[in-house]
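Chemist: A predicted structure for the sequence below; I have some questions about it.
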Amino acid sequence: MNNPLRRSFLKGAGALAAAFSVGFLDPIAVFAATWNKTAFSAKTVLDAMLASGYDNAEESPDIALKVPDIAEDGAIVPVEVTSRIPDTVSMAIFVEKNPNPLVADVAFLNGAEPYIATHIKMAKTSVVKVAVRTGGGTYTTGKEVKVTLGGCGG
Amino acid sequence: MPMNRREFLHILAMAAASGLALDSRSGFAASRDHYDLPPYGNVSLLHITDCHAQLMPIYFREPNVNIGVGNGRNRPPHLVGEHLLKTFGMRPGSRDAYAFTCLDFEHAAKTYGKVGGFAHLATLVKKMRASRPGSLLLDGGDSWQGSATSLWTHGQDMVEACKLLGVDVMTGHWEFTYGAERVRHVVDNDFKGKIDFLAQNVQTADFGDPVFDHYVIKQINGVPVAIIGQAFPYTPIANPRYMIPDWTFGIQEDSMQQTVNKARSKGAAVVVLLSHNGMDADLKMAGRVSGIDAILGGHTHDGVPEPVIVKNAGGQTLVTNAGSNGKFLGVLDLDVKQGKIGGFRYKLLPVFSNLLDPDPEMSTLIRKVRAPFEDRLAEKLAVTEGTLYRRGNFNGTFDQLILDALIEVKGADAAFSPGFRWGTTLLPGDDITMEHLMDQTAITYPQSSMLEMTGKTIKDILEDVLDNLFNPDPYKQQGGDMVRVGGITYTCDLRQGFGKRIGNLMLNGKPLDAGKKYKIAGWAPVSEGITGEPIWDVVATYLREKKVISPRRLNLPKLLGVEGNEGIA
């Protein structure tokens, strides 16, 4: 059942440009994007959204955000985002209660499928927020992920 | 006062038994009457869950504290004692009152005797199957853990017993604490072609590939019935993750909906979810996922007499929970015509050991699996003067005994003991044998430890565990009880949210100092690499020395914001 190629190495044929803030995902993946130091070192989600150009984002049901209800390990929380909004050009992930909320900002070039799957680090229970930019506007959705000490179950 | 036939027979049986031991068999007539459940419809599902490896008849006291918050307040399963009797129309002092509540427990236990036992359960299963041809037996998991013999045989005694009982489909939770390889081995060998082990919510951590089949479709009297499995979503959080390092769990609601849709598209006329979510999470899921006809649930050990009917986009879903420790058999009868469910009957039958002849074949198997261990099991450690039980949101007398032992043997300031919901009950005057001690402690990570913790860390831990129990979102609850605390007293305000529920932490009459370090004894570490004497050795040492265990004084938090809560008896 294990087929390492099944995920077809990041869905979609287009090129991907991404910047990640977290240490264990080296920003080697940066192709075209330039490092937005202001956005990645912002201390609040509002400042980070403003600095990365996702401010005034409108709540949208067309962004599918898949995160666990409770993280199995706060150090590696799986996040999957799909945008069903036409003309999506980039999407960013924020963790509201992390010291630096902006985790990743990914650009989709040449019609690349707007889907990302990654792992993020979370300091504590927080809303994980995703923002999407299209040619015409910015959109957002979010979901709380609980980070717990564990033990004592059942 | 008018008397129905059952009551008359009961009194007759009691009269016949007077002068004999009160828990002796009360007669064939009563037995035939009690389990004479008329068949209904054409699709029957028998359901056991959370038996926690109890092969022998036992006592099990239901909780007197099982508080519901948010939407769960004063609704099943968060009704205890008289509130439960009233809601479900049960008579105080009756057999059912004994089975479903903690009321007048000692007297009722002496009157009605032990419950469960696989040989007695086997007789009941055979009886139900005889009147319900084609029925399936579903096991909601937590079957391989909870007793000495299950631990010492790595669950093999229960694997054999469940096969002999005729389990058709199973999902899991504590099974995973024997490690991924052990589970795989049983599923691929012992269970092959006999028991389907299902879990739609377990994937490989790397590529998200399925580890187990998600569902199975069985023909019951010509009706295609899909059973979907849902393992305990928070196994890697509540139990050691290192035992299943390559698997990831979770509620996975989207995948559940897809699995239901797939089963329907393959022609399933009935879709049933065999769930280890816990009842609150099942109730939430039933409102959000459509197309499931019934959720047969477990994990939270709630003996709920009637299904809760939840409306959703696809119609409605029945949600049940079938108790624990082999005490109940759930019977769901469906009348399916032209691919549609026309009606249902549900009964949660308590397994009264005195009303059921033990099945000879199962008795033989149980004798065989116990034989190599009889001497160890029977070792008498002490006598108890009070009732020893575990179940309850905040503490139980057996947990208090474990805490007292930890503090004394380890020389600790205070102690923590996990809020497990399994563990049997002993009556005043009973011997405490090694078997009974193992009923409370038989896990694969039994190390006891002594850690230095600051007052702040202690508060953080208590707040964290409380939120796993009382978070208003059922998907954020883990279904265990509150960590039991010895030595430290506190208040608990259930009107508050995360981080704000605990107050007035005191040790020996003095407020806990946030910056000061305290010696805290505990057991069952979920992180890897912690060594220490197994908890059963610590408690056995204490019991052998004391010889007689006086009634325990429960250390309970002072609860705030629970006025009118029917989860308190």
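Modeler: Now that the structure is in, tell me what you want to look at.

Chemist: What does the pLDDT read for residue A:57?
Modeler: With respect to pLDDT, residue A:57 scores 96.

Chemist: Count residues in the vicinity of it, would you?
Modeler: When neighbours are counted by other C-beta atoms under 10 Å in any protein chain shown, residue A:57 registers 20. In short, each C-beta sits where N, CA and C put it, glycine included.

Chemist: And residue A:61, by the same measure?
Modeler: Neighbours around residue A:61, by other C-beta under 10 Å: 8.

Chemist: Determine whether any part of stretch B:65-76 lies close to chain A.
Modeler: No: using C-beta under 8 Å from any C-beta of the partner chain, stretch B:65-76 stays clear of chain A, coming no nearer than 14.6 Å.

Chemist: Determine how far the last residue of that stretch lies from the first.
Modeler: With C-alpha to C-alpha, to the nearest Å applied, stretch B:65-76 spans 13 Å between its terminal residues.

Chemist: And that stretch, what's buried?
Modeler: B:65, B:66, B:67, B:68, B:69, B:72, B:73, B:76 (16 or more other C-beta atoms under 10 Å in any protein chain shown).

Chemist: Wasn't the fourth one part of a helix?
Modeler: No: under DSSP: H, G, I helix; E, B strand; the rest coil, residue B:68 sits outside any helix and is assigned coil.

Chemist: so what pLDDT did it get?
Modeler: Looking at residue B:68, the pLDDT reads 97.

Chemist: Now do the contacts for it.
Modeler: B:74, B:75, B:77, B:78, B:280, B:565, B:567 (C-beta atoms under 8 Å, 6 or more residues apart in numbering or on different chains).

Chemist: Would you check how far apart it and chain A are?
Modeler: 18 Å (C-beta to the nearest C-beta, to the nearest Å).

Chemist: for chain B, which spans come out with low pLDDT?
Modeler: Along chain B, the model assigns pLDDT under 70 to residues B:1-32.

Chemist: How is it divided into domains?
Modeler: For chain B, automatic domain parsing gives the domain ranges B:35-56+B:116-368, B:379-560.

Chemist: got the end-to-end distance for the last one?
Modeler: Spelled out, it's domain B:379-560. End-to-end distance for domain B:379-560, by C-alpha to C-alpha: 43 Å.

Chemist: any bit of that domain sitting next to chain A?
Modeler: Yes: interface with chain A: domain B:379-560 contributes B:418-422, B:460-461, B:464-465, B:467-468, B:471, B:473, B:475-476, B:478-481, B:483, B:498, B:524-526 (C-beta under 8 Å from any C-beta).

Chemist: these two touch, right, residue A:48 and residue A:99?
Modeler: No: if you go by C-beta atoms under 8 Å, residue A:48 and residue A:99 don't touch, sitting 11.1 Å apart.

Chemist: Name the pair among the contacts of residue B:68 with the greatest separation in space.
Modeler: B:280 and B:565 (14.9 Å; C-beta to C-beta).

Chemist: Which of these two has more residues huddled nearby?
Modeler: Neighbour count, other C-beta under 10 Å: between residue B:280 and residue B:565, residue B:280 has more, with 29 against 20.

Chemist: Checking my notes, the more buried one in a helix, right?
Modeler: Yes: Residue B:280 forms part of a helix when assessed by three-state DSSP.

Chemist: How much space separates the nearest residue to it once chain neighbours are set aside from residue B:282?
Modeler: What sits nearest to residue B:280 in space, not counting adjacent residues and going by C-beta to C-beta, 6 or more residues apart in numbering or on different chains, is residue B:474, at 3.6 Å. Distance from residue B:474 to residue B:282, counting by C-beta to C-beta, to the nearest Å: 8 Å.

Chemist: any idea which element the residue nearest in space to the middle of chain A lies in?
Modeler: Centroid-nearest residue in chain A: residue A:93, 2.8 Å away (criterion: C-alpha atoms, centre = their mean). For residue A:93, the element it lies in under DSSP states H and E is strand A:88-95.

Chemist: contacts for that strand?
Modeler: A:45, A:48-49, A:52, A:54, A:63, A:79, A:81, A:83, A:101-108, A:114, A:116, A:118, A:120, A:122-123, A:126-135.

Chemist: Which one's more surrounded, residue B:474 and residue B:282?
Modeler: residue B:282 (29 against 23).

Chemist: Residue B:298 is in contact with the more buried one, correct?
Modeler: No: using C-beta under 8 Å, residue B:282 makes no contact with residue B:298, being 9.2 Å away.

Chemist: any common contacting residues for the two?
Modeler: Joint contacts of residue B:282 and residue B:298 (C-beta under 8 Å, 6+ apart) are B:275, B:321.

Chemist: Identify the bridge partners of the residue nearest to the centre of chain A.
Modeler: Per DSSP bridges, the residues bridged to residue A:93 are residue A:104, residue A:130.

Chemist: Chain B versus that one, what's the distance?
Modeler: Taken as C-beta to the nearest C-beta, the span from residue A:93 to chain B is 19 Å.

Chemist: nearest spatial neighbour of residue 108, skipping sequence neighbours?
Modeler: I'll assume chain A. Distances taken as C-beta to C-beta, 6+ apart put residue A:114 closest to residue A:108, at 5.2 Å, once the chain neighbours are dropped.

Chemist: Switch to chain B, please.
Modeler: Per C-beta to C-beta, 6+ apart, closest to residue B:108 is residue B:98, 3.8 Å.

Chemist: Torsion angles phi and psi at that neighbour?
Modeler: phi -70, psi -40 (degrees, to the nearest 10).

Chemist: is it true that it touches residue B:114?
Modeler: No: Residue B:98 lies out of contact with residue B:114 (C-beta under 8 Å); the separation is 11.1 Å.

Chemist: Give me the more crowded residue out of these two.
Modeler: residue B:98 (24 against 20).

Chemist: Output the longest helix belonging to chain A.
Modeler: For chain A, the longest helix by residue count, based on DSSP state H, is helix A:45-51.

Chemist: just the helices in chain A please.
Modeler: Going by DSSP H, chain A shows helices at A:37-40, A:45-51.

Chemist: from what I can see residue A:144 touches residue A:125, true?
Modeler: Yes: in this structure residue A:144 lies within contact range of residue A:125 using C-beta under 8 Å: 6.9 Å.

Chemist: of those two, who's got more company?
Modeler: Each of residue A:144 and residue A:125 has its neighbours counted (other C-beta under 10 Å); residue A:125 has more, 21 against 15.

Chemist: about what we covered before: show me the contacts for the residue nearest to residue B:280.
Modeler: B:70, B:71, B:72, B:278, B:280, B:281, B:283, B:284.

Chemist: Was I right to think the last one contacts residue B:472?
Modeler: Okay, so that is residue B:284. No: using C-beta under 8 Å, residue B:284 is not in contact with residue B:472; the gap is 10.7 Å.

Chemist: if you count what's nearby, which of the two comes out ahead?
Modeler: Set residue B:284 next to residue B:472 and count neighbours by other C-beta under 10 Å: residue B:284 wins out with 23 against 14.

Chemist: got the residue ranges for the strands in chain A?
Modeler: A:16-20, A:58-59, A:63-66, A:77-83, A:88-95, A:102-108, A:115-120, A:126-134, A:138-145 (DSSP state E).

Chemist: helices and strands around the longest helix along chain B, which ones?
Modeler: Assignment by DSSP H gives helix B:455-470 as the longest helix of chain B. Judged by 3 or more C-beta pairs under 8 Å, 6 or more residues apart in numbering or on different chains; DSSP states H and E, the packing partners of helix B:455-470 are strand B:488-493, strand B:502-507, strand B:517-523.
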